[in-house]
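Could you work out the structure for the sequence below:
(one chain, ligands or ions: 1)
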Amino acid sequence: MLQVEKIDLHYGAAQALKGVSLNAEIGKVTCLMGRNGVGKTSTLRAVAGQHGISSGKIVWDGTDISTLPAHARAKSGIAIVPQGREIFPLLSVKENLETGYAPVKRQDRNIPETIYELFPVLKDMLNRRGGDLSGGQQQQLAIARALVTRPRLLVLDEPTEGIQPSIIKDIGRAISWLRDQGTMAIVLVEQYFEFARDLADDYSVMDRGEIVLSGSGADLCEAEVRRFLTV
Ligand SMILES: Nc1ncnc2c1ncn2[C@@H]1O[C@H](COP(=O)(O)OP(=O)(O)OP(=O)(O)O)[C@@H](O)[C@H]1O
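This is a model prediction of the structure:
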């Protein structure tokens, strides 16, 4: 289980997160919603170790990981699918997947067949360059690369952004299948309300660096959440 406890995060003198708390449990999807610039990505960066926190703590599987570097967090089973996907355009699809090997033990350095079951298009395109894939295919590749690390905490930053509806459906199905395996906690940052609502076991909404609403997906009140999503 992930426990983010009252974290603050600063960029220089600017405070981006104020006392943010968030939990994510194995076998559940926790959705983090909010407008642009409210601190969703900063929260994920803090969890993945890409940016330090100034106070509070981050506990993963009972261990305080607040000061662990990003590569050590990856080794502890935390994988991030970044906003904008950040795949390597000149590497092939297969090579992009293999970049996920870095944090895993030598004997686990293979591409699990389930990845091709979730995203069959990747199998057909293994030798194509990452940069030649459509935006939706790149998003699937970015998720697949995270799965190669055998995560127990999968963190996704706006996976539907700029993606065509048919692929959004495939991604939604994949997230829900991964949740149902009961082996990983999933934190999903999303601005696409219906997508988040349909997947959320738990949700939190941010505004101006703070969590302003949270609860279980079953109790999510659309009007209340949308108040913090519309500009
Ligand atoms: N590297 C950075 N340096 C300085 N300020 C930053 C940096 N990254 C983000 N910020 C600022 O921190 C605040 C929170 O940004 P963050 O990216 O976490 O928000 P977000 O909710 O993820 O938004 P978006 O959906 O646009 O990614 C914003 O005011 C943003 O301008």
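
rest of the way, CA atoms for contacts and neighbours
OK.

what does the worst-scoring helix or strand of the chain on mean pLDDT rub up against?
Across the helices and strands of the chain, mean confidence by mean pLDDT, DSSP states H and E is lowest for helix 222-226: a mean of 89. For helix 222-226, contacts defined as Cα atoms under 8 Å, 6 or more residues apart in numbering pick out F193, V205, L213.

which bits of this structure sit near the ligand?
Y11, A16, R35, N36, G37, V38, G39, K40, T41, S42 (Cα under 6 Å from any ligand atom).

In strands only, show me the contacts of helix 222-226.
Among the contacts of helix 222-226, DSSP state E puts V205, L213 in strands.

and of the contacts of helix 222-226, the nearest to M1?
M1 has its nearest neighbour among those in V205, at 19.7 Å by Cα to Cα.

Can you show me the helices along the chain?
Ranges of helices in the chain, per DSSP state H, are 40-48, 70-75, 93-98, 113-118, 120-124, 135-148, 165-180, 193-199, 222-226.

how about a markdown table for the ones you listed, with distance to I26 and mean neighbour count added?
Shown next, in a markdown table, are the helices of the chain (distance: least, Cα to Cα, whole Å; neighbours: other Cα atoms under 10 Å):
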| stretch | distance to I26 | mean neighbour count |
| --- | --- | --- |
| helix 40-48 | 16 | 24 |
| helix 70-75 | 17 | 18 |
| helix 93-98 | 24 | 21 |
| helix 113-118 | 19 | 14 |
| helix 120-124 | 26 | 15 |
| helix 135-148 | 15 | 24 |
| helix 165-180 | 8 | 16 |
| helix 193-199 | 14 | 17 |
| helix 222-226 | 24 | 14 |
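
Save these as CSV, and put in distance to W60 too.
CSV is the format used below for the helices of the chain (distance: least, Cα to Cα, whole Å):
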stretch, distance to W60
helix 40-48, 9
helix 70-75, 9
helix 93-98, 25
helix 113-118, 25
helix 120-124, 31
helix 135-148, 18
helix 165-180, 18
helix 193-199, 22
helix 222-226, 28
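
Now the weakest link among the ones you listed, please, by mean pLDDT.
Among the helices of the chain, helix 222-226 carries the lowest mean pLDDT, a mean of 89.

got the CA positions of that one in CSV?
Coordinates of the C-alpha atoms in helix 222-226 are reproduced here as CSV (Å, rounded to 0.1, in the frame of the first residue of the first chain):
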residue,chain,number,x,y,z
GLU,A,222,-20.4,14.1,-10.4
ALA,A,223,-21.5,17.7,-9.8
GLU,A,224,-19.2,18.2,-6.9
VAL,A,225,-16.2,16.8,-8.8
ARG,A,226,-17.0,18.7,-12.0
